[in-house]
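Asks: model the structure of this input:
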Amino acid sequence: MDILEILRQDYQKFPLDQTYSIYAEDVYFRDPMNQFRGIKRYQQTIDFIRKWFTQPQLDLHEISRKGDLIETRWTLSWNTPLPWKPRISISGWSELKLNSDDLIVSHIDYWNCSRLDVLKQHLFLRNTQ
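Replies: As a prediction, this is how the structure comes out:
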C-alpha cells in the first residue's frame, strides 16, 4: 500500500491502530512541545494522547509528496480531562522526511498558533456541545 494512503488511514483512526512500521527505528520527532528520537518514544506519545485525552480527532485537510518529503495539513482536537472538559483545537502542518526505503526518518509538526493560544483554550470556559 502507498505510504500516502497509509497516512490517510492513520489520520482517520488516530490515535488508535497507528501504522508504526512506516517509521524508522530512530525517527526524529519535533513539535512545539516535544523533541525526541526513536519509535518507542513516538508510540508512548501517541499512547499518552489515547489514554489522557477524550475524543481525540485528527482531521487531514491535505497531503502531498514531493520526492522524499511528505507534507500534511491537519487539525488536531480533543477534550482535556479538566472538570469543564474544554475542547482544544490546533491546526498546523507536518513535514515527514523519507529515507531510501520509504520509511519516515523525521516528523516535524508546526502549529498555526502559539503554545499560549493553546493554554488559553484550556482556561476559558466554553460550551463544549
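Asks: pull out the buried positions in stretch 57-64.
Replies: By neighbour count, and taking 16 or more other Cβ atoms under 10 Å as the criterion, the buried residues in stretch 57-64 are 57-58, 60, 63. Bear in mind the C-beta positions are built from the backbone N, C-alpha and C, glycine included.
Asks: where in the chain is pLDDT low?
Replies: For the chain, the stretches with pLDDT under 70 are 125-129.
Asks: would you map the strands across it?
Replies: For the chain, the strands defined by DSSP state E occupy 23-30, 35-37, 54-66, 69-79, 87-98, 104-111.
Asks: for the ones you listed, give me JSON lines that also has distance to Phe124.
Replies: Compiled in JSON lines, the strands of the chain are given as follows (distance: least, Cβ to Cβ, whole Å):
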{"stretch": "strand 23-30", "distance to Phe124": "28"}
{"stretch": "strand 35-37", "distance to Phe124": "28"}
{"stretch": "strand 54-66", "distance to Phe124": "18"}
{"stretch": "strand 69-79", "distance to Phe124": "14"}
{"stretch": "strand 87-98", "distance to Phe124": "11"}
{"stretch": "strand 104-111", "distance to Phe124": "18"}
